[in-house]
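Asker: Return atomic coordinates for the entry below.
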Amino acid sequence: MGKLQQQFRVVYSKNGKTREVLIRKNIRIKNAEIIENIHQNFFFFVFSWIKVPQFVVTKDKSLSALDGESIWTALDFVDGEHFSGSPDELSQIATEIAKIHKAFREHKETYLGLSAFTWEMEDLVFVFEIMKKIDADLQEILLSKEKTIKEIASRTLSERKKHTKKNFQIIHNDLHPHNTIFKDGKLSAVIDFDNVRYAELLIDLGQAIHRFVRQYMVFNKSHSQDYLNKGVDIFLKIIRRLAKSLPAI
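Answerer: You can find the predicted model right below:
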């Protein structure tokens, strides 16, 4: 177990029953109270039939444990495969994302301790400064596209400022195929809520559309505009149908 190891799969027995759990170190959020508030929301998720792993409660009835300066949580291990990209799986994950966003909106107490996050052009400039210090090959690829990326970012910020009402709420902030578990073609769980933050809902939706629709295109072995449009359409139709309020897209 090296210093870089952040999670462990553990099998243990108690009273003749075997349980398999995943013990994880909280890397991004260091405040135990914030972590506890966020994890308490999972009880509502379960009661709302949202597919997330069950947390293991500690002896002192907490959902996390402090070990020195590290905060650890344990949850049931969910076996299965990640999102493959089939149309049916795309529909299932879009449905679950809409339910998760609705649950976060309804439980505003979960926001406690999380400040609003947004981004400006200075953040992108900082990213490119960091890029100059990393792997040479990756640096060459990214820096060669710096002008184009900054132009797109500038247009995005300009359009964003036209919307005076922004929908801020708790978001997952890391929605992608590897944070989903499917078993026999059915969604078993959405995982890895360690990066949740209070931010614009469109950040989550944009990331999800990009990552899941991209995998949908890989599954269909097509990079055509038609398949891109079809994948986005499948996703957004479900989001719009299930979400009570959604910013203009």
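
Asker: any idea how this protein splits into domains?
Answerer: 7-76, 87-118+165-242 (automatic domain parsing).

Asker: Just name the most buried of the ones you listed.
Answerer: Stretch with highest mean neighbour count among these: domain 87-118+165-242 (a mean of 17; mean count of other C-beta atoms under 10 Å). (C-beta placed from N, C-alpha, C; glycine too.)

Asker: Next, residue 170: secondary structure please.
Answerer: The local conformation at residue 170, judged by DSSP: H, G, I helix; E, B strand; the rest coil, is strand.

Asker: For it, which non-adjacent residue is spatially closest?
Answerer: residue 104 (4.0 Å; C-beta to C-beta, 6 or more residues apart in numbering).

Asker: repeat for residue 48
Answerer: Distances taken as C-beta to C-beta, 6+ apart place residue 103 nearest to residue 48, at 5.8 Å, with adjacent residues excluded.

Asker: Does the one you found lie in a helix or a strand, and which?
Answerer: helix 87-106 (DSSP states H and E).

Asker: Tell me the strands beside the host helix or strand of residue 189, with direction?
Answerer: Remark: residue 189 resides in strand 186-190, with elements defined by DSSP H and E. Sheet pairing for strand 186-190, assigned by DSSP bridges, gives strand 180-183 (antiparallel).

Asker: Only C-alpha atoms, please: export stretch 12-30 in PDB.
Answerer: What follows is stretch 12-30, C-alpha atoms only, in PDB (Å, rounded to 0.1, in the frame of the first residue of the first chain):
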ATOM      1  CA  TYR A  12     -15.000  -8.700   5.400                       C
ATOM      2  CA  SER A  13     -17.300 -11.000   7.300                       C
ATOM      3  CA  LYS A  14     -19.600 -10.100  10.200                       C
ATOM      4  CA  ASN A  15     -22.200 -12.300  11.900                       C
ATOM      5  CA  GLY A  16     -21.700 -14.900   9.200                       C
ATOM      6  CA  LYS A  17     -22.400 -12.400   6.400                       C
ATOM      7  CA  THR A  18     -19.800 -11.200   3.900                       C
ATOM      8  CA  ARG A  19     -19.700  -7.700   2.600                       C
ATOM      9  CA  GLU A  20     -17.500  -6.200  -0.100                       C
ATOM     10  CA  VAL A  21     -16.800  -2.500   0.200                       C
ATOM     11  CA  LEU A  22     -14.700   0.200  -1.400                       C
ATOM     12  CA  ILE A  23     -12.700   2.400   1.100                       C
ATOM     13  CA  ARG A  24     -11.800   5.800  -0.400                       C
ATOM     14  CA  LYS A  25      -9.700   8.700   0.700                       C
ATOM     15  CA  ASN A  26     -11.400  12.100   0.000                       C
ATOM     16  CA  ILE A  27      -8.900  14.000  -2.000                       C
ATOM     17  CA  ARG A  28     -10.600  17.200  -3.200                       C
ATOM     18  CA  ILE A  29     -12.800  18.200  -0.200                       C
ATOM     19  CA  LYS A  30     -10.800  18.400   3.100                       C
END
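
Asker: ok, residues contacting it?
Answerer: 6-11, 35, 38, 53, 56, 64, 69-77, 194-196 (C-beta atoms under 8 Å, 6 or more residues apart in numbering).

Asker: now, which of these lie within strands?
Answerer: With DSSP state E as the criterion, strands contain 7-11, 70-76 from among the contacts of stretch 12-30.

Asker: Centre-most residue in the chain?
Answerer: Residue closest to the average C-alpha location in the chain (C-alpha atoms, centre = their mean): residue 174, at 2.6 Å.
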